[in-house]
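A.B. asks: quick check, what structure comes out for this input:
(chains A and B)
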Amino acid sequence: MINGINIGIILFLVGLYGIITNKNLIRIIMSLGIASNGVLLFFISLGYVKGGLPPIITTDATFFVDPVPQALMLTMIVINLCDTALALAITVWIYKKFGTLNIEEIP
Amino acid sequence: MIAHLPIFLLITPVLAALLVSMITMLSKKEVLQKIITGVAVLLPFLYLFIIFQNLSTETFIYTVGGWEEPFGITLIIDELSFILLTITATLVLLSYLYSLSSVKNDTGKFYFFFLLLTMGLNGIFISADIFNIYIFFDIICICSYILITFSDNRFKFKASFNYLILGTLASLLLLLGIGIIYAETGVLNLEYIAKEIPTISSQTQISIFLLLFAAVAIKSAIIPFHTWLVAAHSTAPTPISALLSGIIVKTGIYLFLRFNSFGFTAPRLGEIIILLGAITAVGGAVGAVMQWDIKRITAYSTISQIGFIVVGIGSLSTIGLAGSLYHMINHAFFKALLFLCAGAIIYKTGTRDIREQRIGWNMPITLFMYIIGILAVSGITPFSGSVSKTLIETAVADNPFIALLLILASIGTVACFAKILYFSFIRHLNKEQKKKTYDDVPLPMLLPMVFLGCFCLFLGIYPEAWLDRFILPAASVLPAYIPFQIPFIEPFALLKEWGIVAGGLVLLFCIIRFSPKIDIIQEKLSKITMNQSILAMVLVLILISIALGVLPAS
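C.D. replies: Modelled structure (predicted):
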């Protein structure tokens, strides 16, 4: 079945596969990004209600999309940005110091 | 005022961190930053003192922003959190003292992340909201990645990178688990989740357990999820090594305790946890005896001790749980002591290889404290490790295989520390005695070591008082609590301890004899990359899920 939850989990597994098979640091970081986007999609889809309105309080609307997962995911995006930025910074250091991006060649 | 104390534990370090970073931008002098950090690490003791006086009469529940449970974020301090907060405050203060003379460049940045790390640690122990736990989990991880790179070791980048990838993976797995919990129950508050969990179907329960377990196992370094630990803990600056091994690894165990109290029901759950714990205990010890680097030996020993704690938790009995909690406290103090002593030795000799250190009598106070730490970690009776190891071994006494594995792990622990003692101190006693050179480390580095040595003695001398006052109330927070009688010092147990020491010395002799062959095996093992280790983790997770019955076993 094609819905956000299943695709999110599949994206997470694709990212995990990428982390396991790649030797290049940049590729590993990109795989991590795919995996985290999978988790993000999974979470957002949890709160989705078909035909629901945006969760903004108006006078007559009663049928809302669940706002909690969206609020949580805003936090998660910030944390992930921090992780990715830090990973890239460390990669730049590694490249300056050792001149390679292959994980097997770094001492 | 008293009701607001939980939030003060978070605000104080954050404000101090902001001040430190501003002052770093304005001036080059480092005195002010050190004073501010000192105040910020001392203030939690005041809060904890007030909390301790009121802990028996009221529970500290603070709803952030005044939003009611289960919708708002709640902070709770109960007996279990109180113990861990106290350990955090003590270790943070002592590693701050140690860092005064051992951290030399980029002091402002170092203390900024140090204070943020303190905030994360305080936060994870008091938050009662599972998403909040995820946030603090990641704050701790990010600060540790950065703090590891403050060392001057050339392997620090790879260590930090491996830790970063595995830590991020752990937080993603935790988040997936939280997602399934939210989809099934609709709440994020720990107490409400625990009420709802029994109504979920058992298949879903097992998948939630597996995801949370994988996250916690990576954080607390259960074999085979441990591959980041040794490099990260051994390359970090010494005060950070002490914090990493002392308390940051314990956050994983703490979360494991909290998640276990959800009451997952699955067949063979306890047995699998005990088996993983025993494998971790033995594997850490085997790794430790093969190393020559003083900090790597200490880091591998951390894995071994974590195995003991996990066995106690997996026994699902009160005596095992009390033993685990006690061992958590003991391990925090003696492992911090061992790391600080190792750091002092490296500071004076400039080398990490125990074959080249040649200390002898030069550092008598460090030597004395190191011996106290070793006796505590090997579990010799008047010192702290003995009580908790006895409790854990009593909890699994009806399972001879696991008991045997734990004894093997103890023998390995004795052997690896006797190895350090022999190579860097005892072997040079006679030669160096002629010179009589006293050359110990500066006072700010000695003071924390002496404090920690005293703690190791206090925690072992009169265990009943500690158990009654702190450990058992904390164990009673968790479910399945039954009061019990503890069997204390027996002649047979004393004999067993010294038998283990003798076994350790024999093992040490064998290691010295066969060291060239062991070095070759060690060389091959160090070739394993991060990718292969993650593959191993995924395979083990699949195996556990088959054993628990999420996939049809027949």
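A.B. asks: and residue B:263, backbone torsions?
C.D. replies: Main-chain torsions, residue B:263, degrees, to the nearest 10: phi 80, psi 50.
A.B. asks: ok, residue B:209 next?
C.D. replies: Taking degrees, to the nearest 10 as the convention, residue B:209 sits at phi -60, psi -40.
A.B. asks: what sits against it?
C.D. replies: B:259, B:264, B:266, B:269, B:548 (C-beta atoms under 8 Å, 6 or more residues apart in numbering or on different chains). From N, CA and C alone the C-beta is placed, and that goes for glycine too.
A.B. asks: which of the residues you listed are buried? Put it as a PyMOL command.
C.D. replies: In PyMOL syntax, the buried subset of the contacts of residue B:209 is picked out as below (16 or more other C-beta atoms under 10 Å in any protein chain shown):
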select buried, chain B and resi 259+264+266+269+548
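A.B. asks: among the contacts of residue B:209, which lie within strands?
C.D. replies: Assignment to strands by DSSP state E places none of those there.
A.B. asks: can you map out the helices along chain A?
C.D. replies: A:4-21, A:25-46, A:67-98 (DSSP state H).
A.B. asks: can you add mean neighbour count and give the ones you listed back as a markdown table?
C.D. replies: Listed next are those as a markdown table, based on neighbours: other C-beta atoms under 10 Å in any protein chain shown:
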| stretch | mean neighbour count |
| --- | --- |
| helix A:4-21 | 18 |
| helix A:25-46 | 21 |
| helix A:67-98 | 16 |
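A.B. asks: would you turn these into CSV with distance to residue B:346 and mean pLDDT?
C.D. replies: Converted to CSV, the helices of chain A look like this (distance: least, C-beta to C-beta, whole Å; pLDDT from 0 to 100):
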stretch, distance to residue B:346, mean pLDDT
helix A:4-21, 33, 92
helix A:25-46, 29, 92
helix A:67-98, 22, 92
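A.B. asks: can I get the ones you listed in a markdown table with distance to chain B?
C.D. replies: Output for the helices of chain A, formatted as a markdown table (distance: least, C-beta to the nearest C-beta, whole Å):
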| stretch | distance to chain B |
| --- | --- |
| helix A:4-21 | 5 |
| helix A:25-46 | 5 |
| helix A:67-98 | 5 |
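A.B. asks: low-confidence ranges, the stretch 301-450 of chain B, go.
C.D. replies: Applying pLDDT under 70 to the stretch 301-450 of chain B flags residues B:429-438.
A.B. asks: point me to the residue of it nearest chain A.
C.D. replies: residue B:352 (14.8 Å; C-beta to the nearest C-beta).
A.B. asks: tell me, how many residues neighbour that residue?
C.D. replies: Using other C-beta atoms under 10 Å in any protein chain shown, residue B:352 is surrounded by 20 other residues.
A.B. asks: repeat that for the one 10 residues further on.
C.D. replies: Taking other C-beta under 10 Å as the neighbour definition, residue B:362 ends up with a count of 21.
A.B. asks: so what's it closest to, chain neighbours aside?
C.D. replies: residue B:439 (4.7 Å; C-beta to C-beta, 6 or more residues apart in numbering or on different chains).
A.B. asks: right, and the one you found touches residue B:364 too?
C.D. replies: No - applying C-beta atoms under 8 Å as the test, residue B:439 and residue B:364 come out as separate, 9.9 Å apart.
A.B. asks: who touches the residue of the stretch 301-450 of chain B closest to chain A in this structure?
C.D. replies: By C-beta under 8 Å, 6+ apart, the residues touching residue B:352 are B:293, B:294, B:295, B:296, B:346.
A.B. asks: grab the nearest non-local neighbour of the first one.
C.D. replies: I take that to be residue B:293. residue B:352 (4.7 Å).
A.B. asks: and if you look at the third one?
C.D. replies: When the adjacent residues along the chain are set aside, residue B:295 lies closest to residue B:234, with 4.0 Å between them (C-beta to C-beta, 6+ apart).
A.B. asks: need the pLDDT of that neighbour.
C.D. replies: Note on residue B:234: pLDDT of 88.
A.B. asks: on the three-state scheme, it is what?
C.D. replies: helix (DSSP: H, G, I helix; E, B strand; the rest coil).
A.B. asks: distance to residue B:373, neighbour count and secondary structure added to the contacts of residue B:352, as a markdown table?
C.D. replies: Shown next, in a markdown table, are these (distance: C-beta to C-beta, whole Å; neighbours: other C-beta atoms under 10 Å in any protein chain shown; DSSP: H, G, I helix; E, B strand; the rest coil):
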| residue | distance to residue B:373 | neighbour count | secondary structure |
| --- | --- | --- | --- |
| B:293 | 17 | 17 | strand |
| B:294 | 12 | 26 | helix |
| B:295 | 14 | 24 | helix |
| B:296 | 16 | 20 | helix |
| B:346 | 15 | 18 | helix |
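A.B. asks: grab the two from the residues you listed that are most spread out in space.
C.D. replies: Farthest pair in these (C-beta to C-beta) is B:296 and B:346. Separation: 11.9 Å.
A.B. asks: hang on, the residue nearest to residue B:295 packs against residue B:302?
C.D. replies: No - Residue B:234 lies out of contact with residue B:302 (C-beta under 8 Å); the separation is 10.0 Å.
A.B. asks: what's the closest non-adjacent residue to residue B:154?
C.D. replies: Nearest non-adjacent residue to residue B:154 (C-beta to C-beta, 6+ apart): residue A:107, at 6.9 Å.
A.B. asks: for the residue nearest to residue B:293, what are phi and psi?
C.D. replies: Main-chain dihedrals, residue B:352, degrees, to the nearest 10: phi -100, psi -10.
A.B. asks: leaving out chain neighbours, which residue sits closest to residue 93?
C.D. replies: No chain in the question, so chain A it is. Residue A:93 sits nearest to residue B:157 (C-beta to C-beta, 6+ apart), 5.5 Å away.
A.B. asks: wait, I meant chain B there
C.D. replies: Here the residue nearest residue B:93, using C-beta to C-beta, 6+ apart, is residue B:41, at 5.0 Å.
A.B. asks: any idea which element that neighbour lies in?
C.D. replies: helix B:31-54 (DSSP states H and E).
A.B. asks: list the buried residues of the helix or strand that that helix is followed by.
C.D. replies: Proceeding N to C from helix B:31-54, the next assigned helix or strand is strand B:60-63, under DSSP H and E. For strand B:60-63, the neighbour count (16+ other C-beta under 10 Å) marks B:60, B:62 as buried.
A.B. asks: against residue B:460, how distant is the closest residue in space to residue A:9 that isn't next to it in sequence?
C.D. replies: Spatial nearest neighbour of residue A:9, excluding adjacent residues (C-beta to C-beta, 6+ apart): residue A:42 at 6.0 Å. Counting by C-beta to C-beta, to the nearest Å, the gap between residue A:42 and residue B:460 amounts to 48 Å.
A.B. asks: for the nearest residue to residue A:91 once chain neighbours are set aside, give me its contacts.
C.D. replies: Nearest residue to residue A:91, sequence neighbours excluded (C-beta to C-beta, 6+ apart): residue A:25, at 4.7 Å. By C-beta under 8 Å, 6+ apart, the residues touching residue A:25 are A:87, A:91, A:94, A:101, A:102, A:103, B:161.
A.B. asks: just checking, the fourth one touches residue A:95?
C.D. replies: Read it as residue A:101. Yes - Residue A:101 is in contact with residue A:95 according to C-beta under 8 Å; the separation is 6.1 Å.
A.B. asks: and the residue nearest to residue B:295, what is it in contact with?
C.D. replies: B:159, B:241, B:293, B:295, B:296, B:298, B:299.
A.B. asks: again with residue B:61
C.D. replies: Contacts of residue B:61 by C-beta under 8 Å, 6+ apart are B:74, B:75, B:76, B:128.
A.B. asks: let's see 10 Å
C.D. replies: When contacts are counted by C-beta atoms under 10 Å, 6 or more residues apart in numbering or on different chains, residue B:61 touches B:3, B:6, B:69, B:74, B:75, B:76, B:77, B:78, B:128.
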